[in-house]
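> Pasting the sequence and the predicted coordinates here, then a few questions.
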Amino acid sequence: MGRPPARVRLRGDHLDLEWGALAGWTGLAAWCRLGDGAEHESAAWMVVEEARGRFRTACGPLLLDLRVEPCDGVVRLRVEATADREVEVAQVAVAGRPLLAGSGAGWVLYNGYQSWDPSGHLPAEGGPRESWWTIALADGKGTGLAAAAGEAARCCTRFTFERGTLRAIWREAETLQDWPVLFTAAPGRRWRGEDLLVAAGSDVRVCLAALTERRPRPAPIPTGWLSWYHYGPFVSCEDVLANSRFLAADRYRRLGYRLVQIDDGWQEAYGDWLPNARFPGGIEAVCRELDRRGQVPGIWTAPFLVSAASDLASEAPEDWFVRDPHSGGRAVEPRHRVFGPMYVLDASRPAVQRHLRRLFARLRSAGVRYFKVDFLYAGAYAGLAALRAGLAAIREGAGDGYLLACGAPLLPVVGLVEGCRVGADTATPLYDFEAGVSRPTVFGDEVAAVARNAAARHFLHTWFQLDPDVALVGGNLSLSQARQLVTIAALSGGPFLAGDDLTHLPPERLALLSNPEVLGLVGGRPAVPDWEPDGRDLPPSHWRRGDVLAIFNWCAEEREVPVRAPGARGARDLWERRELPDLRGDGVLRVPGHDVRLLRVR
């Protein structure tokens with residue numbers, strides 16, 4: 001990617017990383033927080049003579065070794081810790097001041113902890129900035145410094161940027177404790193953090209893509225339908241089969257619609273993953289009918305959550321459940337309360353792993369071939385190792401099924417799932433008790449939030465297939481907002497799922513889900529947004545994939561937007577399905593409020 005060479009310099013007690021005049025991370029120091037809350041900063045670094053590229057410092061009770069390995073413009077940092085006495089350690093960090101062409105950072109490209117958390121770009125000034133797994137600091141042109149965690153098997157990596165200092169922190173996953181213990185240091189025991197990769201470049205997003213590159217689990221891109229946004233927890237077997245029947249028609253089969261995913265509402269209770277009375281024939285009967293129609297049966301679960309009203313909650317041993325750090329009793333999941341109190345399974349227990357393995361093996365044997373596993377952040381309440389052990393058991397039980405992670409800490413699920421949600425829910429299914437129907441409802445800027453996360457996380461496509469959420473076109477969405485959502489889903493490179501009651505959609509909305517020129521974009525590489533920093537953290541207006549250019553308008557009023565397609569001599573409007581022979585690369589396009597123009601540029 002044309003990275004400038006990196007240089008490591010120890011000047012006196014200052015350890016600096018430099019990429020020529022382009023960028024640097026200077027005055028590196030170590031820091032730690034102990035289990036009792038005490039914080040310590042390091043003394044001066046010294047070179048470890050017998051090991052090239054290794055520097056050592058004392059940090060409170062810890063002796064820290066930092067391995068620094070520059071190669072091809074990337075600096076790989078690895079921290080190791082020992083102690084002369086037993087002590088609990090909550091966090092270890094390396095911090096320094098980033099310099100971009102001799103000045104400070106203007107923008108922070110931040111990443112959220114889990115699927116639904118916001119990701120985007122914010123001004124570097126204006127308060128502390130936090131990011132998980134990856135971070136980049138850039139000037140107004142996008143030039144700057146990027147960093148990414150290499151793995152998340154032993155610990156998690158969180159970044160902060162505050163008062164001109166960039167800190168990379170190794171810590172446990174987010175649990176119910178304020179400062180969960182990362183490791184217990186002791187004489188003769190060595191702890192090692194995950195590798196941290198740092199690079200500089202003229203486009204920090206290109207740097208991020210290179211630092212996070214790996215080989216994802218291979219799988220076809222799912223295209224189909226899910227039940228949640230229209231039917232919510234009230235879905236029935238009849239609802240599922242009616243939409244399945246609709247998609248089995250030749251018009252939709254030719255467009256690739258195959259997946260039919262039953263979402264929340266099919267089960268007896270969270271934890272009791274058995275079909276309720278609205279599925280009288282069981283999941284097997286639904287799968288048989290979908291198979292007969294040449295479709296792929298999918299199902300939703302929240303495998304780590306257990307309703308307090310479920311049979312599992314009363315029958316499982318006490319040690320199956322995560323404990324409340326204050327009361328010592330069963331912890332109640334603090335975030336998901338709409339369906340009553342939820343306990344959380346502790347998958348560090350072998351018996352819980354066996355339970356999860358059997359559950360998903362049973363669903364797979366019933367004919368399910370696609371599994372949406374939700375609220376995975378709760379599985380990390382027992383620690384990162386517990387989350388990964390539980391997900392590995394699910395992976396084993398599901399066999400060759402497709403796993404879509406949702407509500408998931410991002411890097412810890414890499415290698416265990418085929419796809420992962422990368423944004424918040426698009427809408428909320430609201431039930432009208434007078435009319436007796438449910439409908440998808442948006443309350444504010446949900447469409448822009450979906451786009452912001454899809455844009456900010458586009459480079460993670462080598463971790464897993466990126467699921468921006470559904471191509472919703474009904475409910476209280478305007479037709480133009482619906483067009484935006486379908487465009488985002490089609491250009492995401494990941495799953496493309498409709499989410500309405502297809503049997504009652506008006507023709508003009510069904511047309512958004514059956515445009516062959518737009519559906520033909522599903523499954524390609526994710527579109528890359530232009531660098532368009534905005535203090536309001538709005539998504540970019542220009543998104544590109546090869547000769548395809550999407551131009552979004554995130555404002556309520558119509559705008560004339562520069563095309564910015566050098567050398568263009570005409571284009572085809574994929575939504576309007578007509579030629580634009582007079583379009584030029586330096587021209588402008590009128591884009592209605594909250595709408596998008598989707599072009600194939602000539």
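Everything's here; your move.
> What segments of the stretch 451-600 of the chain are strands?
Taking DSSP state E, counting those that start in this stretch, the strands of the stretch 451-600 of the chain run over residues 465-467, 496-498, 528-529, 542-545, 548-553, 559-562, 569-573, 578-584, 588-591, 595-601.
> same check, this time on the stretch 1-150 of the chain
Along the stretch 1-150 of the chain, counting by DSSP E, counting those that start in this stretch, strands occupy 7-11, 14-19, 23-34, 39-41, 46-47, 54-59, 62-71, 74-83, 87-100, 107-110, 120-123, 129-132, 134-138, 144-149.
> so which of those strands comes closest to Ala386?
Ala386 sits nearest to strand 87-100 of all those, at 17.3 Å, using CB to CB. Every C-beta, even on glycine, is put in place using the N, C-alpha and C of the backbone.
> for the closest one, packing partners?
Helices and strands touching strand 87-100, by 3 or more CB pairs under 8 Å, 6 or more residues apart in numbering; DSSP states H and E, are strand 14-19, strand 23-34, strand 62-71, strand 74-83, strand 134-138, strand 144-149, strand 165-171, strand 183-185.
> Which of those strands sits closest to Gly127?
strand 165-171 (13.6 Å).
> can you redo the helices and strands packed on strand 87-100 as JSON lines with distance to Leu384?
Listed next are these as JSON lines, based on distance: least, CB to CB, whole Å:
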{"stretch": "strand 14-19", "distance to Leu384": "27"}
{"stretch": "strand 23-34", "distance to Leu384": "17"}
{"stretch": "strand 62-71", "distance to Leu384": "20"}
{"stretch": "strand 74-83", "distance to Leu384": "17"}
{"stretch": "strand 134-138", "distance to Leu384": "17"}
{"stretch": "strand 144-149", "distance to Leu384": "12"}
{"stretch": "strand 165-171", "distance to Leu384": "9"}
{"stretch": "strand 183-185", "distance to Leu384": "11"}
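> Make JSON lines out of these and add mean neighbour count and distance to Arg536.
Below are the helices and strands packed on strand 87-100 laid out as JSON lines (neighbours: other CB atoms under 10 Å; distance: least, CB to CB, whole Å):
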{"stretch": "strand 14-19", "mean neighbour count": "20", "distance to Arg536": "31"}
{"stretch": "strand 23-34", "mean neighbour count": "22", "distance to Arg536": "26"}
{"stretch": "strand 62-71", "mean neighbour count": "18", "distance to Arg536": "37"}
{"stretch": "strand 74-83", "mean neighbour count": "20", "distance to Arg536": "33"}
{"stretch": "strand 134-138", "mean neighbour count": "28", "distance to Arg536": "17"}
{"stretch": "strand 144-149", "mean neighbour count": "27", "distance to Arg536": "21"}
{"stretch": "strand 165-171", "mean neighbour count": "21", "distance to Arg536": "24"}
{"stretch": "strand 183-185", "mean neighbour count": "19", "distance to Arg536": "41"}
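> To Phe375, which of those lies closest?
Phe375 sits nearest to strand 165-171 of all these, at 21.3 Å, using CB to CB.
> Quick one: the helices in this structure, in order.
Taking DSSP state H to define them, one finds helices in the chain at 204-211, 228-231, 237-247, 250-253, 282-292, 311-315, 350-365, 384-398, 446-456, 479-491, 507-510, 516-519.
> model confidence over the fifth one, on average?
Per-region confidence: helix 282-292 scores 98 on mean pLDDT.
> Tell me which other helices or strands it touches.
helix 237-247, strand 259-262, strand 296-301.
> likewise the last one?
Counting contacts by 3+ CB pairs under 8 Å, 6+ apart, helix 516-519 is packed against helix 479-491.
> Would you mind splitting this protein into its domains for me?
By the assignment in automatic domain parsing, the chain contains the domains 7-211, 223-302+349-519, 528-601.
> mind giving me JSON lines with these and columns for distance to Arg217?
Below are the domains of the chain laid out as JSON lines (distance: least, CB to CB, whole Å):
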{"stretch": "domain 7-211", "distance to Arg217": "16"}
{"stretch": "domain 223-302+349-519", "distance to Arg217": "5"}
{"stretch": "domain 528-601", "distance to Arg217": "22"}
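> any idea which of those is most buried?
For the domains of the chain, the largest average neighbour count (mean count of other CB atoms under 10 Å) is found in domain 223-302+349-519, namely a mean of 21.
> And it, how far out from the chain middle?
Relative to its chain's centre, domain 223-302+349-519 lies at 15 Å (CA atoms, centre = their mean, to the nearest Å).
> Check the separation of the first and last residues in it.
End-to-end distance for domain 223-302+349-519: 9 Å, by CA to CA, to the nearest Å.
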